[in-house]
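Novice: Pasting the sequence and the predicted coordinates here, then a few questions.
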2 protein chains.
Amino acid sequence: MKNVKLTVEYDGTLFYGWQRQKNDRSVQEEIEKGLSKIMKKNVKINGSGRTDARVHGLRQIANFREEFTIPIERIPVALNSILPDDIAIINAELAEENFHARYDAVGKKYIYKIYNDPYRSPLWRNYAYYVGDELDLDKMIKASKAFIGTHDFIGFMSSGSSVVDTVRTIYDLRIHREGPLITIEIKGNGFLYNMVRIIVGTLVEVGKGKKSVDEMGKIIESRSRKRAGHTAPAQGLYLSHVYY
Amino acid sequence: MKNVKLTVEYDGTLFYGWQRQKNDRSVQEEIEKGLSKIMKKNVKINGSGRTDARVHGLRQIANFREEFTIPIERIPVALNSILPDDIAIINAELAEENFHARYDAVGKKYIYKIYNDPYRSPLWRNYAYYVGDELDLDKMIKASKAFIGTHDFIGFMSSGSSVVDTVRTIYDLRIHREGPLITIEIKGNGFLYNMVRIIVGTLVEVGKGKKSVDEMGKIIESRSRKRAGHTAPAQGLYLSHVYY
């Protein structure tokens, strides 16, 4: 039995999300359909985690265990010729027998893009969060420091998650601007449901002057979803890297 | 009568092109519909030139002459609230009485993006030309020098154009690479039908080793469409600037 680790890029715009759905288009289902065709049997994959509708994958990781004879380096080419053009396999390699894309992940990096300009951008409409108001980047950078470290992030979690332990560690949070485009990179040992998007929404409110830099620590400590900011929209979010 | 100069950004993916069509979706028609609604009369605009289906506009210019009372600085906001999200007006200003977006243009700048990697990119599928083979960038840069200056570019024109004078001047042609993304910037006093895309197709063939750097001059001098390279696909092309 071989255990294969796949690296997947996808444009989330036209997907209901990563996870297989009954009636809606998912990345997982498209890959499983493609693999099942190549392997001529029913193949199931494990993703490193779900992504929501319209969220993008730069380097999503998945694995599957199967017997097969096709050379492993042929899998990306064979799969990519079958997959729809909004999904591509950019690497396939043999993993250790027990490797599991979800359970073995020790951290993740997400990228979030904000398009900040007086006028919305048609070219970025599906790839960034449009914010028309001026944002004070210095304040956002200062506020971002409060998130780094180990905290109970229960206030930065949307309902609908069954997670019990809501303590997570953020290793790094970087913000930079290039023209109208603000990029936020956030690395941590794990993220709660919508945690990145709520952190970004909170930072945007700081940038607009609706929340102050000084209250960030208290907002986190309050463990209150109501005190944190809004959930930034899905299309600005990219799963960028999974650490093992 | 006011003469208004509009700067327009659009994502060409879902358009048949700039120019109004009988049955297909065009950027011009969407803007004219929006303006006509705001002005409460039939408004027609002049674009600086057509762009084909799937070609993008970063700073397309258009103008229209009309009597109206709405403050000019309100036009982008008012129009953008009506326009579909793949078009935005990013500037509106009063132009001189005789200004015409097409006849007064003295030059244009186009950007062309190539995504060059062993695996295709879902996120760039509508925004770059995917080339899987390795490209020799040095050769492409050397070959690009042959295009700079004044030449009869009839060999770099697709059929279907009624243009008589096929002599054009290219002021500048720059190529740079950032990771898998190759960006070609080309500035000239005007471009024939598909000229940028055929120049790019020719340079890609040089990058692949199918054409040599040394034969570039001869290919241009031959004035033969057959000797030039293929027409690179539309989705990599961006109208970036119009000079007046």
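Specialist: Perfect, I can see it now.
Novice: so what's A:N3 up against?
Specialist: A:N63, A:F64, A:R65, A:L94, A:A95, A:E96, A:E97, A:N98, A:F99 (Cβ atoms under 8 Å, 6 or more residues apart in numbering or on different chains). Yep, even glycine has a C-beta here, placed from its N, CA and C like the rest.
Novice: Excluding chain neighbours, what is closest to A:L135?
Specialist: Leaving aside its chain neighbours, A:L135 sits nearest to A:G207 (3.4 Å; criterion: Cβ to Cβ, 6 or more residues apart in numbering or on different chains).
Novice: Ramachandran angles for that neighbour?
Specialist: Dihedral angles of A:G207 (phi, psi; degrees, to the nearest 10) stand at phi -60, psi -30.
Novice: Tell me, how many residues neighbour it?
Specialist: Counted with other Cβ atoms under 10 Å in any protein chain shown, the neighbours of A:G207 add up to 24.
Novice: if I pick it, what's in contact with it?
Specialist: A:V131, A:L135, A:D136, A:L137, A:K139, A:M140.
Novice: Hmm, A:G209 and the third one touching each other?
Specialist: Which is A:D136. Yes. Assessed by Cβ atoms under 8 Å, A:D136 is found in contact with A:G209 at 6.8 Å.
Novice: ok, and for stretch A:236-244, which residues are buried?
Specialist: A:G236, A:L237, A:Y238, A:L239, A:S240, A:H241, A:V242 (16 or more other Cβ atoms under 10 Å in any protein chain shown).
Novice: Check the secondary structure at the residue nearest to A:V200 when sequence neighbours are not counted for me.
Specialist: What sits nearest to A:V200 in space, not counting adjacent residues and going by Cβ to Cβ, 6+ apart, is A:A232, at 4.0 Å. Under DSSP: H, G, I helix; E, B strand; the rest coil, A:A232 falls in the coil class.
Novice: does A:A232 really touch A:R197, like I thought?
Specialist: Yes. Proximity of A:A232 to A:R197 meets the contact threshold set by Cβ under 8 Å, at 4.5 Å.
Novice: tell me which parts of chain A are close to chain B?
Specialist: Residues of chain A found near chain B (Cβ under 8 Å from any Cβ of the partner chain) are A:9-11, A:56, A:58, A:76, A:80, A:85-90, A:119-123, A:125, A:127.
Novice: Next step: the residues you listed restricted to strands.
Specialist: A:E9, A:Y10, A:H56, A:L58, A:I87, A:A88, A:I89, A:I90 (DSSP state E).
Novice: From B:G201, how far out is the second one?
Specialist: With the distance defined as Cβ to Cβ, to the nearest Å, A:Y10 ends up 28 Å from B:G201.
Novice: circling back: can you pull the residues that touch both of A:A232 and A:R197?
Specialist: Counting by Cβ under 8 Å, 6+ apart, the residues touching both A:A232 and A:R197 are A:Y112.
Novice: ranges for the strands of chain A?
Specialist: For chain A, the strands defined by DSSP E cover A:2-10, A:46-47, A:56-66, A:87-94, A:107-116, A:129-131, A:149-152, A:167-178, A:181-188, A:237-243.
Novice: Roughly how far does the residue of chain A most remote from its centre sit from A:A78?
Specialist: When distances are taken from the C-alpha mean of chain A, A:T69 lies farthest, 32.8 Å away, according to Cα atoms, centre = their mean. From A:T69 across to A:A78, the span is 12 Å (Cβ to Cβ).
Novice: same deal with A:T150?
Specialist: Per Cβ to Cβ, A:T150 is found 43 Å from A:A78.
Novice: pLDDT added to the contacts of A:N3, as JSON lines?
Specialist: Shown next, in JSON lines, are those (pLDDT from 0 to 100):
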{"residue": "A:N63", "pLDDT": "98"}
{"residue": "A:F64", "pLDDT": "98"}
{"residue": "A:R65", "pLDDT": "97"}
{"residue": "A:L94", "pLDDT": "97"}
{"residue": "A:A95", "pLDDT": "98"}
{"residue": "A:E96", "pLDDT": "97"}
{"residue": "A:E97", "pLDDT": "95"}
{"residue": "A:N98", "pLDDT": "96"}
{"residue": "A:F99", "pLDDT": "98"}
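Novice: What's the ChimeraX line that selects buried ones from the residues you listed?
Specialist: Buried subset of those, written as a ChimeraX selection, criterion 16+ other Cβ under 10 Å:
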select /A:63,64,65,95,99
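Novice: A:D136 - how many residues pack around it?
Specialist: When neighbours are defined as other Cβ under 10 Å, A:D136 has 14 of them.
Novice: Can you give me the pLDDT of it?
Specialist: pLDDT for A:D136: 98.
Novice: And for A:G160?
Specialist: Listed pLDDT for A:G160 reads 83.
Novice: A:L192 is in contact with that one, correct?
Specialist: No. Applying Cβ under 8 Å, one finds A:G160 not in contact with A:L192, separated by 10.9 Å.
Novice: neighbour count winner among the two?
Specialist: Set side by side, A:G160 and A:L192 show more neighbours around A:L192, with 21 against 7, by other Cβ under 10 Å.
Novice: quick one: contacts for that one?
Specialist: By Cβ under 8 Å, 6+ apart, the neighbours of A:L192 are A:F153, A:I154, A:F156, A:M157, A:S161, A:V163, A:T166, A:R168.
Novice: how much space between the closest residue to the second one other than its chain neighbours and A:F156?
Specialist: Spelled out, it's A:I154. Leaving aside its chain neighbours, A:I154 sits nearest to A:T166 (4.0 Å; criterion: Cβ to Cβ, 6+ apart). Per Cβ to Cβ, A:T166 is found 9 Å from A:F156.
Novice: neighbour-wise, which of those two wins?
Specialist: Using other Cβ under 10 Å, the more surrounded residue of A:T166 and A:F156 is A:F156, with 29 against 17.
Novice: Give me the pLDDT for the nearest residue to A:F64 once chain neighbours are set aside.
Specialist: With sequence-adjacent residues excluded and distances taken as Cβ to Cβ, 6+ apart, A:F64 is closest to A:I45, at 4.5 Å. With respect to pLDDT, A:I45 scores 98.
Novice: who touches A:I45 in this structure?
Specialist: Applying Cβ under 8 Å, 6+ apart, the residues contacting A:I45 are A:L6, A:Q28, A:I31, A:E32, A:L35, A:A62, A:N63, A:F64, A:A101.
Novice: The third one - how many residues pack around it?
Specialist: Burial of A:I31 is recorded as 26 neighbouring residues (other Cβ under 10 Å).
Novice: which residues does A:G57 bridge with?
Specialist: A:Y10, A:L239 (DSSP bridges).
Novice: residues contacting it?
Specialist: Counted by Cβ under 8 Å, 6+ apart, A:G57 has contacts A:V8, A:E9, A:Y10, A:G12, A:W18, A:V27, A:T51, A:Y238, A:L239.
Novice: Need the pLDDT of it.
Specialist: Turning to A:G57, the model gives it a pLDDT of 98.
Novice: Next: A:A105.
Specialist: Reported pLDDT for A:A105: 98.
Novice: cool, the one 3 residues further on as well?
Specialist: At A:K108, the model reports a pLDDT of 98.
Novice: likewise A:R225?
Specialist: 96.
Novice: could you measure the nearest residue to A:I38 once chain neighbours are set aside against A:L35, distance?
Specialist: With Cβ to Cβ, 6+ apart as the criterion, A:I38 has its nearest non-adjacent residue at 5.3 Å, and that residue is A:A78. Distance, A:A78 to A:L35, using Cβ to Cβ: 9 Å.
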